[in-house]
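K.L.:
Kindly generate the corresponding structure for this input.
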Amino acid sequence: MMPEFMPEGDGVRVDLGHWRWVIGVYLDDLLEVLGPLPEVPDDPLDALAAAIEDAPELPSDPIRARLLPDGVVDDPEAAAEFRRFTQTTLLARKHADADALRAAALGPTVVDAVGARSLLGALNDLRLMLGSRLGVTDEGMPDSDDDLQAYRSYQLFTFLQGELVDVLAGEWGGRVDPHSAP
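P.N.:
Numbers count the residues shown, from 1 in each chain. Prediction:
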């Protein structure tokens, strides 16, 4: 099987066709967790006024909170202020990253550095979502076979993210896919 990411000129050749279905399923799930984009007025002053009036709170859903964390630790007031001015932009970027990954999964394509960053962002968000559900910590995975599909998908997204990072760092060496047969 060909690698999913390969250097090509100033960009990265992306071929995620083999993983299209699993990427699509989890992207749908991710977008559901993120929720719809908030309405933002076109006028910059109106947008600023809306941000001041409608400060979002840290999400109560632990997965959404992991995807939209506080930007300031140990200072709830500063965290709320940071969230007020960044959450809408962060949500928009996460939606755009998910759209970029979905488009890349449709067929072989070449992306530039900005496109590769979007793919990395979406893969990371998928890993964060699944890792939160599976209870992944700094110490690793819990000993449980409760959701083998989610665990294998978490491994897949970790592999894909690592492969893309290696290509971008110029260290691509054709790693072995953990899902391929020996």
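K.L.:
list the contacts for Phe157?
P.N.:
Residues near Phe157 by C-beta atoms under 8 Å, 6 or more residues apart in numbering: 26, 123, 126-127, 130. Every residue, glycine included, has its C-beta placed from N, CA and C.
K.L.:
In ChimeraX, how would I select the buried members of the residues you listed?
P.N.:
Here is the ChimeraX command that picks out the buried ones among the contacts of Phe157, judged by 16 or more other C-beta atoms under 10 Å:
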select :26,123,126,127,130
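K.L.:
so the residue nearest to Thr86 when sequence neighbours are not counted, which of the three states?
P.N.:
Distances taken as C-beta to C-beta, 6 or more residues apart in numbering place Gly71 nearest to Thr86, at 6.3 Å, with adjacent residues excluded. When states are read from DSSP: H, G, I helix; E, B strand; the rest coil, the local structure at Gly71 comes out as coil.
K.L.:
burial of Gly71, as a residue count?
P.N.:
In terms of burial, Gly71 registers 15 neighbours under the definition other C-beta atoms under 10 Å.
K.L.:
pLDDT wise, what is it at?
P.N.:
The per-residue pLDDT reported for Gly71 equals 85.
K.L.:
And it, its phi and psi?
P.N.:
Its backbone dihedrals place Gly71 at phi -90, psi -10, with angles given as degrees, to the nearest 10.
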